[in-house]
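Trainee: Return atomic coordinates for the entry below.
(one chain, ligands or ions: 2)
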Amino acid sequence: MIRFESISKTWPDGTRALSNISLDVPKGQFCVILGPSGAGKSTLLRAVNGLTQPTQGSVAIDGTVLTPATERALRKRVAMIHQHFNLTNRMSVAGNVLAGLLPVVSTVRALLGWFKPEHRAKACRLLGHVGLSPEHLQRRAGDLSGGQQQRVGVARAFMNDPEVVLADEPVASLDPKISRDILALIRDAAKERNATVLCSLHQVDLAREFADRLVGMRDGRVVFDGIPAEFTDARVEALYHGVRWEDAPKADKQPGMPALEVAIA
Ligand SMILES: Nc1ncnc2c1ncn2[C@@H]1O[C@H](COP(=O)(O)OP(=O)(O)OP(=O)(O)O)[C@@H](O)[C@H]1O
Ligand SMILES: [Mg+2]
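Mentor: Ligands and ions are numbered 1, 2, ... in the order given. Here you go, the predicted structure:
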């Protein structure tokens, strides 16, 4: 389980990206974070693997709180899938998937390509699962299409059997058909291993289709938390087009114009 306990993040320039968020994401759950640009989705995800340090509060995985002392060990249990794939373009597809072992294999070994035969076999197996054929193995990653590159990104993420997968807009630059395929791959691979997925998305239809749970964020706060069936069109409208959080009047003072949290709670 991932536990966010009262976490806040204020950037040095004063931008408040997260405001007192408390959230438990149970093991095996596919939890999708939705919200307009700047809502704090990436900041929340990046707090789980230490790429962002909260200014207040804590993040824990299965009871181990992320601290400088535990970060290295926790990172081995967390994988990330990126919007822009983050592959090493000049390296082969196989090399990129094997790079998923970097948290547990020495950099020297990785640079020299010294991977155990069982690791190589696993990389091939994973590439098969994400729909790439053996002929792709030695191709330069940068030469693949966007959809193929993200398949490599998914295979890499599962190389180290992660307990937590962070997917930050994993299908933002892909067409709708490929996006659905990629999300299905992430969901199925995670369910098979009972891994927890925290995934930010901009596509509401895909979020409704794939999520076990939806969390809506606005201005660094959680303003919706429920199952997809509860995320009605009115709530979508309020999340994306409602008044700005800071401008929202108090609900009980102006009944005609409820505060955002009331509008979509
Ligand atoms: N390194 C940084 N320094 C200062 N402000 C930052 C930094 N990174 C993010 N922010 C600010 O923090 C807030 C939340 O950003 P974040 O990237 O988490 O939003 P997001 O919901 O992921 O948006 P998007 O949908 O556009 O990816 C924004 O106001 C953003 O400008
Ligand atoms: Mg983002």
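Trainee: got the residue ranges for the strands in the stretch 101-250 of the chain?
Mentor: Under the criterion DSSP state E, counting those that start in this stretch, the stretch 101-250 of the chain contains strands at 164-168, 196-200, 213-218, 221-226.
Trainee: Just name the most buried of the ones you listed.
Mentor: Comparing the strands of the stretch 101-250 of the chain by mean neighbour count (mean count of other CB atoms under 10 Å), strand 196-200 ranks first with a mean of 26. (Glycine included, C-beta is placed from N, CA and C.)
Trainee: And that strand, what does it pack against?
Mentor: Applying 3 or more CB pairs under 8 Å, 6 or more residues apart in numbering; DSSP states H and E, one finds that strand 196-200 contacts strand 30-34, helix 41-48, strand 164-168, helix 176-193.
Trainee: picking that back up, put together CSV for the strands of the stretch 101-250 of the chain, with mean pLDDT and distance to Ala155 on each row.
Mentor: Listed next are the strands of the stretch 101-250 of the chain as CSV, based on pLDDT from 0 to 100; distance: least, CB to CB, whole Å:
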stretch, mean pLDDT, distance to Ala155
strand 164-168, 98, 12
strand 196-200, 98, 15
strand 213-218, 97, 25
strand 221-226, 95, 31
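Trainee: would CSV of these with distance to Ala157 be doable?
Mentor: Converted to CSV, these look like this (distance: least, CB to CB, whole Å):
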stretch, distance to Ala157
strand 164-168, 6
strand 196-200, 10
strand 213-218, 20
strand 221-226, 25
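Trainee: okay if I get those strands as a markdown table plus distance to ligand 2?
Mentor: As requested, those are arranged in a markdown table below (distance: least, CB to the ion, whole Å):
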| stretch | distance to ligand 2 |
| --- | --- |
| strand 164-168 | 6 |
| strand 196-200 | 6 |
| strand 213-218 | 10 |
| strand 221-226 | 16 |
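Trainee: and the residue of the stretch 1-150 of the chain nearest ligand 2?
Mentor: Ser42 (3.2 Å; CB to the ion).
Trainee: ok, now how distant is the nearest residue to that residue once chain neighbours are set aside from Leu23?
Mentor: Counting by CB to CB, 6 or more residues apart in numbering, Asp168 is the residue found nearest to Ser42 once chain neighbours are left out, at 5.3 Å. With distances taken as CB to CB, to the nearest Å, Asp168 is found 16 Å from Leu23.
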